[in-house]
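Participant: what follows is a predicted protein model with its sequence.
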Amino acid sequence: MKVAHIITGLGVGGAEQQLRLMLRHLPVRCDVFTLTAPGAVAEGILADGHRVTHLGMTGNLDATVMPLLVHMLREGHYDLVHTHLYRACLYGRLAARVAGVRAVVATEHSLGEDTIEGRRLGPGIRALYLASERLGCATIAVSDTVAQRLRRWGVPASRLHTVPNGIDAHRFRFDPLARATTRGRLGIPQDAFVVGGVGRLVPGKHFETLVRAVSVLPDARLVLVGDGPERETLHGIATALGALDRIHMLGECDGTVASAGVGAWEIPDLLAAMDVFVSPSSEESFGLAVLEALAAGLPALHVTCPAIDDLPPEEAPGARRIGTGVPELTALLCEYQNAGPVRLPVPPVVERYDIARSAERLMAVYRAATGAPQLPATAPAAATPVPAPTSLPLTTR
């Protein structure tokens, strides 16, 4: 089977990172087309041995990419087209149909109650989405929460499939040596209480709550991994509270490493350096960062995490749902600080979302869409990456 993945962009983001991880575990040949912004994730996909083509789209209404995309889909003789993110779903589904590809599926990564990919939903966006959805044969939700939202929109249940985001759990296993080394590199005392957070620095993530809570805790440190438009605001809050020297903002995270321009930091090593993880975001479609923290043995406080919120408590005993207020978070962090550092056993929920299982479920959707025979439900082996051919660099329009 040969699959074309079409995505809006390949800069740093959760959907982009998940696509790269999934490609490593799909036992089929995959090419990737990005409408805009090839970035760190594109380079990673190339390094893994997959072809990446940048179509050079200049804006939401730049329909000039359509003839090129149709041509490439025809020339590639793809069995299936898989689209990711709103703009790519609109253009990619239509291009696939014009190109004669009948098996077209789409993954909905970032649908909130009132937003999609961080943008406010309106009647026009919803109408376009539903019109485009009818051009495909299946729509994939990354969580039951997203699937419920799509059903409320009017997407038929018969066309909906839930394939949760996956985690490569062994990468996040706690390493005491990595803890000591990473703290040394960051200039953090080995006995300091360290709170962590990972995500885009955007208003909906509410990292200002975390900065304020840590700032009033004596001697506590915050390791914040990610970048975005709220960076300067968070910097200002920490400065005003006299805690800037205890707030470590490490910059952009591509799901594997974070960088502040002074070297790269492996995400598992940064999690090893933390004592408690906090996700203050009020709206998530899945909550992968919380799962990664649990895989690292961290207590994880979260406002919302669809991946675990509807599961029995014994599935994720280290996770704790919290409110949105600063006083509550401050009090909880004080409890953890007083109790001292602890590493928890990896909970069952981490195995539930193993990336190999998610890849198996996605392959079942692919086989149904293409009419291929279904296989017994056994986890496929991870695909072995091959070097990217020198004749197939990141191409541009």
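Facilitator: Here it is on my side, so go on.
Participant: element containing Leu329, please.
Facilitator: According to DSSP states H and E, Leu329 maps onto helix 326-339.
Participant: check Met72 too.
Facilitator: If you go by DSSP H and E, Met72 is part of helix 65-76.
Participant: repeat for Trp265
Facilitator: Using DSSP H and E, Trp265 sits within strand 264-266.
Participant: for that strand, packing partners?
Facilitator: helix 176-186, strand 257-259 (3 or more CB pairs under 8 Å, 6 or more residues apart in numbering; DSSP states H and E). Just so you know, the C-beta spots here come from the backbone N, C-alpha and C atoms, and that holds for glycine as well.
Participant: lowest mean pLDDT across these, which one is that?
Facilitator: When these are ranked by mean pLDDT, strand 257-259 comes last with a mean of 53.
Participant: Asp309 and Arg321 touch, don't they?
Facilitator: Yes: counting by CB atoms under 8 Å, Arg321 is a contact partner of Asp309 at 6.9 Å.
Participant: those two: who's more crowded?
Facilitator: Between Asp309 and Arg321, counting by other CB atoms under 10 Å, Asp309 is the more crowded of the two (17 against 13).
Participant: now that one: phi and psi?
Facilitator: Here is the backbone geometry of Asp309 (degrees, to the nearest 10): phi -60, psi -30.
Participant: look up how far Ala296 lies from the residue nearest to Gly297 when sequence neighbours are not counted.
Facilitator: Residue nearest to Gly297 in three dimensions, not counting chain neighbours: Arg343, with 4.1 Å by CB to CB, 6 or more residues apart in numbering. To Ala296, Arg343 is 8 Å away according to CB to CB, to the nearest Å.
Participant: so which of the two has more stuff around it?
Facilitator: Comparing Arg343 with Ala296 by other CB under 10 Å, the one with more neighbours is Ala296, at 31 against 15.
Participant: isn't the more buried one up against Arg171?
Facilitator: No: taking CB under 8 Å as the definition, Ala296 is not a contact partner of Arg171, at 9.4 Å.
Participant: overlap of the contact sets of these two?
Facilitator: Both Ala296 and Arg171 are contacted by Pro268, under the criterion CB atoms under 8 Å, 6 or more residues apart in numbering.
Participant: show me where pLDDT drops low in the stretch 151-300 of the chain?
Facilitator: Residue ranges of the stretch 151-300 of the chain with pLDDT under 70: 253-263.
Participant: now the helices: where do they sit in it?
Facilitator: Using DSSP state H, counting those that start in this stretch, the helices found in the stretch 151-300 of the chain span residues 176-186, 207-215, 231-240, 267-273, 288-295.
Participant: max-length helix in this structure?
Facilitator: Using DSSP state H to define each element, the chain has its longest helix at helix 355-370.
Participant: what are the buried residues along that one?
Facilitator: 355, 357-367, 369-370 (16 or more other CB atoms under 10 Å).
Participant: for it, packing partners?
Facilitator: Judged by 3+ CB pairs under 8 Å, 6+ apart, helix 355-370 is in contact with helix 14-23, strand 80-84, strand 104-108, strand 138-141.
Participant: can you list the strands that the last one pairs with?
Facilitator: Paired neighbours of strand 138-141 in the sheet (DSSP bridges): strand 104-108 (parallel), strand 160-162 (parallel).
Participant: highest average neighbour count across those?
Facilitator: With neighbours taken as mean count of other CB atoms under 10 Å, the strands paired with strand 138-141 reach their highest mean count in strand 104-108, at a mean of 27.
Participant: now the element after that strand, going C-ward?
Facilitator: Counting by DSSP H and E, the next helix or strand C-terminal to strand 104-108 is strand 115-116.
Participant: just the mean pLDDT for that following strand, thanks.
Facilitator: For strand 115-116, mean pLDDT rounds to 74.
Participant: ok, residues contacting the helix or strand following that strand?
Facilitator: Sequence-wise, the next helix or strand downstream of strand 115-116 (DSSP H and E) is strand 119-120. Contacts with strand 119-120, where a contact means CB under 8 Å, 6+ apart, come from 114, 125.
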